[in-house]
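*Asks:* Need a 3D model of the sequence below.
(one chain, ligands or ions: 2)
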Amino acid sequence: MSFDRSIKIAPSILSADFADFGREIQAIEAQGADWIHVDVMDGHFVPNLTFGPPAVKAFRKHVKTVMDVHLMIEPVDPYIDAYADAGADVLTAHVEACPHIHRTLQAIRGAGMKAGVALNPGTPAEAVAHLLDLTDLICVMTVNPGFGGQKFIDMTTKIRTLREMIGDRPVHIEIDGGVDPKTAPLVVEAGADVLVAGSAVFRGGSVENPEVYGENMRAIRASVA
Ligand code: DX5
Ligand code: ZN
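*Replies:* Ligands and ions are numbered 1, 2, ... in the order given. Okay, the predicted model is just below:
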């Protein structure tokens, strides 16, 4: 996984058919997804529950691009090795869920993955000021995590601040929540390079009708070109 700041679309399979993840991942990649975003929720850190390491390991068999695993769980540290074993390329933990986030990021890298740190809308950019050399990706939440299909919360000031703080470091800025052709230009202009999108990518399509996924992704790309 080499570093670059080109715009990457990372469809969230939270909006896929839960009975057909394998074919959904294949369809979305065939239609041009750059990364696959996997939302892990524990019903404790966030008020919703999705899937754990065995499911994520099963997804891995279908992912040819980059498997980007977003942990919305607390605690994180006891599960890092399980997600490494499941084949995560990027493992992202929430700063709000980790009392020792510095150690958590070291452990994620130590387990052979890229280390991401996510910030809820209420958490300031400064929360990662001392973590910039320990992280490969900062995920700026533009919704309160837990559900797909929520309304975009404008975090462009935070994104701009992070982009300045990062400087020349090889750190991605990922945006998660409510990204669509209207909101994508705002976050890209502010400095984001990885766009997570669930409902805006899967809306109207299916594994039987995957061209719609392609059209939806092209609409997001065109909005930021
Ligand atoms: C929210 C998740 C997101 C979500 C995005 O808790 O982390 O990845 O699936 O979905 P949309 O694009 O529908 O807001
Ligand atoms: Zn996510």
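*Asks:* mind checking the SS state of Arg23?
*Replies:* helix (DSSP: H, G, I helix; E, B strand; the rest coil).
*Asks:* my read: it touches Glu208, true?
*Replies:* No. Using C-beta atoms under 8 Å, Arg23 is not in contact with Glu208; the gap is 9.5 Å. Quick note: C-beta positions are derived from backbone N, CA and C, even for glycine.
*Asks:* Looking at those two, which is more packed in?
*Replies:* Neighbour totals were compared for Arg23 and Glu208, and Arg23 leads with 16 against 7 (other C-beta atoms under 10 Å).
*Asks:* measure that one to ligand 2 for me?
*Replies:* Arg23 sits 21 Å away from ligand 2, going by C-beta to the ion, to the nearest Å.
*Asks:* Per-residue pLDDT of the nearest residue to that residue once chain neighbours are set aside, please?
*Replies:* Excluding its sequence neighbours, the residue lying closest to Arg23 (C-beta to C-beta, 6 or more residues apart in numbering) is Val207, at 4.5 Å. Looking at Val207, its pLDDT is 98.
*Asks:* Tell me where the protein has strands.
*Replies:* Secondary structure of the chain (DSSP state E): strands located at 8-11, 36-41, 67-72, 90-94, 114-119, 137-141, 172-176, 194-197.
*Asks:* I'd like these as TSV, with distance to Met1 and mean neighbour count appended.
*Replies:* As requested, the strands of the chain are exported to TSV (distance: least, C-beta to C-beta, whole Å; neighbours: other C-beta atoms under 10 Å):
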stretch	distance to Met1	mean neighbour count
strand 8-11	11	25
strand 36-41	13	26
strand 67-72	10	26
strand 90-94	8	28
strand 114-119	7	23
strand 137-141	11	26
strand 172-176	10	25
strand 194-197	12	28
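*Asks:* Quick one: these as CSV, columns for mean pLDDT and distance to Lys151 too.
*Replies:* Putting the strands of the chain into CSV (pLDDT from 0 to 100; distance: least, C-beta to C-beta, whole Å) gives the following:
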stretch, mean pLDDT, distance to Lys151
strand 8-11, 98, 19
strand 36-41, 98, 17
strand 67-72, 98, 18
strand 90-94, 98, 20
strand 114-119, 98, 18
strand 137-141, 99, 13
strand 172-176, 98, 14
strand 194-197, 98, 14
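*Asks:* Tabulate those (TSV), appending distance to Val187.
*Replies:* TSV is the format used below for those (distance: least, C-beta to C-beta, whole Å):
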stretch	distance to Val187
strand 8-11	12
strand 36-41	15
strand 67-72	16
strand 90-94	17
strand 114-119	14
strand 137-141	8
strand 172-176	4
strand 194-197	7
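*Asks:* Tell me the bridge partners for the residue of the chain found nearest ligand 2.
*Replies:* Using C-beta to the ion, the single residue of the chain nearest to ligand 2 is His70, 3.7 Å away. Note on His70: beta-bridge partners by DSSP bridges are Asp39, Thr92.
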